[in-house]
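Novice: Take a look and give me a structure for this.
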Amino acid sequence: MEAVRQLRVAHASRVLATAFRGRELFGMFERVLREVRFGKVRCGETPQPARETHALPGWIAPACALLLACACTAGEGVKVTGFEMTVADLPRAVSFYTGVLQFQFVRQEKKEGYVAAQLRLGEETLILRDYAKNGRPVPNELKANDRSFEHLAIVVVDMEAAYSRLLARHTRIESAGVQRLPDWDFDAAGIRAVYFRDPDGHFLELICFPNDKGEPRWHERNGPLFRGIDHSAIVVSDIKRSVAFYRDQIGLTLIGNSFNYGGEQELLSGVPGARVRIASFRGAKGPGVELLQYEVPGLTTTLSREAAPNDTAYWQINLEAGAHPTETLHDPDGHALAFAPRPAGASLGDFAWDAWRRHWPRYLMEGAELGIFMIVALGLALVLEYPKSRVHRAIASPLLRRFIFGLGIGVTVVFLIYSTWGRQSGAQFNPAVTLSMLYLHRIIPWDAFFYIVAQFIGGWLGVILMAAPFPKASANQKVNYVVTEPGKPGVAVAFVAEFVISFVLLATLRLVYQSDWLKPQLGFFAGFLLCVYITFESPYSGMSLNPARSVASAIPARSWKAMWIYFVATISAMLLAVVLFH
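Specialist: This is a model prediction of the structure:
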């Protein structure tokens, strides 16, 4: 584990170097922004005075470079390369996995004391070991809440067809049929799953994701019935301790939590009264790892000691990490993890390409979400604030107009968070939120990098698209592309106000997220706070909360007045919120 910590120190030094190299690039970008002009002067017309512009402060560029470099360079993370298990009869096991579950046979090789067969399903690897002298078998009485429990979640596109294949081969089914997790379960609603066992007694799971969950590749229309291995799930005794181990010592990213209970969960796991806390991890590449803690009825312990490699009950998660030495570790509950050094030819670009190839639909969703937000924001400003608008003339009270504006934005945010796109991407659409999640190790670094890029581009495109049919009205001083600028009280007040609302927003959302009861209402809390902020706080700071949102308006408005506020105040406040309410 010391090698992992040393690797992170080396990464941090490269982050700083990359940031300083980025100064020149961002300086060029700043000069381009200064020269941006919208509209042309026709021959014979008198040129209009240029609108006052405010240059970006010089230190904003390297600060942005540093933040993006952190997301980029940290991408040299841990890769989950596959899973291994011990079987008693290798030909029988290979026949089951290839004949029933559509795994592809890759190769078979003889090693010291055992024969190993490498199989592949989609992009994931499974290695089956058959020792000359096999040890203990998987106990028939092993339950899903046993401390030694581990399973592979195999993704299928058609649950009925896949389940029929299992029944046709007289596979041992552990669940009471296929179960659909209920709609009230915020994190798992609509997932269909069934537990079963292979010929050696290893637990396996078929899982079918609804459109708003799971990796984008699981939803591709063309492809085989069995798509790949989404994750391996293991039972732990203390989920907080295990989360700390897998996140802080192993280096995996915690991408989600859920709390599953009720009749469907009991029928799925075969454990009466099951109440299960789940933590989902991903590496920089490869399938995920899920931790399961059965709060009720608690753990059982069928095996008297940890499984040895030649025991049929033995599982192993294979990992790669930089120059990490080859070694086998055990988590706090005895589950085996085998580290290997990354091949010499591997590069940082491999991780970036893999992230883009797998998740580019999510990046587009993130950009589109902020784009929709900006379209609605500018549209509301045109209706409510443009002096020639009938609605503006009809509603004389600025406070009432801000309330209507805030109500429209709040409804939009609620819609985006609960939409299929929002559920898929996480509905962050804010670089400050994304960086806060990166700090918490709750988003894969390369995903964070592409999210931030998409957010800036999407927000800007949203303003441009909405302004195109109404160029004069959008440029009007009262609308001004919904630019965020400090109000009459001044820059200092604007900074404090922006810091406070950013802190309160993310602190509230973190507390709501951590509550099993309130978590499904998280989108409504976000929408309500934005409505309140726009109604009462916007006269002080312009109510940004979002660097990408401010930049999206500043580019066509050519106004960078006090732009540093919307980077420094929002990012620092949200980071402070996640530190205090972690």
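Novice: Every contact and neighbour count from this point should use C-alpha atoms.
Specialist: Noted.
Novice: Any idea how many residues pack against the closest residue to Pro332 other than its chain neighbours?
Specialist: Taking C-alpha to C-alpha, 6 or more residues apart in numbering, and ignoring the residues beside it in sequence, Pro332 has Ser242 as its nearest neighbour in space, at 6.6 Å. As a burial measure, the neighbour count of Ser242 was computed by other C-alpha atoms under 10 Å and equals 21.
Novice: where's Ser242, which helix or strand?
Specialist: For Ser242, the element it lies in under DSSP states H and E is helix 239-244.
Novice: Quick check: buried residues in that helix?
Specialist: 239, 242-243 (16 or more other C-alpha atoms under 10 Å).
Novice: In the stretch 151-300 of the chain, mark out all the helices, start to finish.
Specialist: With DSSP state H, counting those that start in this stretch as the definition, the stretch 151-300 of the chain shows helices at residue ranges 159-168, 239-244, 263-269.
Novice: ok, residues contacting the last one?
Specialist: Think helix 263-269. Contacts with helix 263-269, where a contact means C-alpha atoms under 8 Å, 6 or more residues apart in numbering, come from 144, 174-182, 193-195, 272-275.
Novice: same check, this time on the longest one
Specialist: Residues from elsewhere that reach helix 159-168, judged by C-alpha under 8 Å, 6+ apart: 100, 156, 178, 192, 206-208, 225-226.
Novice: now it, how far from the centre of its chain.
Specialist: Its chain's average C-alpha position is 31 Å from that of helix 159-168, according to C-alpha atoms, centre = their mean, to the nearest Å.
Novice: what do you get for stretch 212-229?
Specialist: In terms of C-alpha atoms, centre = their mean, the gap separating the centre of stretch 212-229 from the centre of its chain is 17 Å.
Novice: same check, this time on stretch 568-576
Specialist: In terms of C-alpha atoms, centre = their mean, the centre of stretch 568-576 is set 20 Å apart from its chain centre.
Novice: Just the buried positions in that stretch, please.
Specialist: Counting neighbours by 16+ other C-alpha under 10 Å, one finds that the buried residues in stretch 568-576 are 568-571, 573-576.
Novice: Using CSV, list the CA coordinates for that stretch.
Specialist: Extracted in CSV, the C-alpha atoms of stretch 568-576 (Å, rounded to 0.1, in the frame of the first residue of the first chain):
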residue,chain,number,x,y,z
VAL,A,568,-13.3,31.5,-6.2
ALA,A,569,-16.4,32.0,-4.1
THR,A,570,-18.4,29.1,-5.6
ILE,A,571,-15.6,26.5,-5.8
SER,A,572,-14.1,27.3,-2.4
ALA,A,573,-17.6,27.4,-0.7
MET,A,574,-18.6,24.1,-2.2
LEU,A,575,-15.3,22.4,-1.3
LEU,A,576,-15.7,23.7,2.2
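Novice: and the spatially most central residue of the chain, what does it touch?
Specialist: Nearest residue to the geometric centre of the chain (C-alpha atoms, centre = their mean): Ile443, 4.6 Å. With contact taken as C-alpha under 8 Å, 6+ apart, Ile443 is in contact with 253-255, 434, 437.
Novice: if we go to 7 Å?
Specialist: Contact analysis of Ile443 by C-alpha atoms under 7 Å, 6 or more residues apart in numbering lists 253, 255, 437.
Novice: Likewise for Thr508?
Specialist: For Thr508, no residue meets the contact criterion (C-alpha under 7 Å, 6+ apart).
Novice: Can you classify it by secondary structure?
Specialist: Counting by DSSP: H, G, I helix; E, B strand; the rest coil, the backbone at Thr508 sits in helix.
Novice: Considering the contacts of Ile443, which possesses the most neighbours?
Specialist: Most neighbours among these, by other C-alpha under 10 Å: Thr253, with 26 neighbours.
Novice: Got the confidence number for that residue?
Specialist: On pLDDT, Thr253 comes in at 93.
Novice: wait, isn't Arg247 in contact with Arg241?
Specialist: No: because the distance of 10.1 Å does not satisfy C-alpha atoms under 7 Å, Arg247 is recorded as not touching Arg241.
Novice: which two in the contacts of helix 159-168 are spaced the farthest apart?
Specialist: Pairwise distances across those peak at 19.1 Å for Val100 and Arg192 (criterion: C-alpha to C-alpha).
Novice: Look at those two and report which has more neighbours.
Specialist: Arg192 (20 against 16).
Novice: In contact with the nearest residue to the more buried one once chain neighbours are set aside, which residues?
Specialist: Beyond its immediate neighbours in the sequence, the residue positioned closest to Arg192 (C-alpha to C-alpha, 6+ apart) is Arg180, lying 4.3 Å away. Shown here is Arg180, whose contacts under the criterion C-alpha under 7 Å, 6+ apart are 190-193, 264.
Novice: This protein - how does it break down into domains?
Specialist: Residue ranges of the domains in the chain are recorded as 79-346, 355-580, according to automatic domain parsing.
Novice: out of those, deepest packed?
Specialist: Mean neighbour count, computed with mean count of other C-alpha atoms under 10 Å, is highest for domain 355-580 among these, reaching a mean of 21.
Novice: End to end on that one, go ahead and measure it.
Specialist: Across domain 355-580, the straight-line distance between its terminal residues is 30 Å, by C-alpha to C-alpha, to the nearest Å.
Novice: mind checking the SS state of Ile409?
Specialist: Reduced to three states with three-state DSSP, the structure at Ile409 is helix.
Novice: For the residue lying closest to Tyr195 once chain neighbours are set aside, report the pLDDT, please.
Specialist: If the residues on either side of it in the chain are set aside, Tyr195 comes closest to Glu205, at 4.5 Å by C-alpha to C-alpha, 6+ apart. According to the model's per-residue confidence, Glu205 sits at a pLDDT of 98.
Novice: how close does Glu205 get to Ala144?
Specialist: According to C-alpha to C-alpha, Glu205 and Ala144 sit 11 Å apart.
Novice: before we move on, what about Ala427?
Specialist: Counting by C-alpha to C-alpha, the gap from Ala427 to Ala144 is 33 Å.
Novice: Glu550 against Glu485, yeah?
Specialist: You called it Glu, but residue 550 is Ser. No: between Ser550 and Glu485 there is no contact under C-alpha under 7 Å: 8.8 Å.
Novice: Select the helix or strand of this protein having the lowest average pLDDT value.
Specialist: Averaged element by element with mean pLDDT, DSSP states H and E, the chain has its least confident helix or strand at helix 2-35 (a mean of 42).
Novice: got a list of what the closest residue to Arg549 other than its chain neighbours touches?
Specialist: Computed as C-alpha to C-alpha, 6+ apart, the closest residue to Arg549 that is not its neighbour in sequence is Gly459, at 6.0 Å. With C-alpha under 7 Å, 6+ apart as the criterion, the residues that contact Gly459 are 367, 370-371, 374, 548-549, 552.
Novice: and if you look at Arg362?
Specialist: Under the criterion of C-alpha under 7 Å, 6+ apart, the neighbours of Arg362 are 424-425.
Novice: now the one 3 residues further on
Specialist: Under the criterion of C-alpha under 7 Å, 6+ apart, the contact list for Met365 reads 421, 425.
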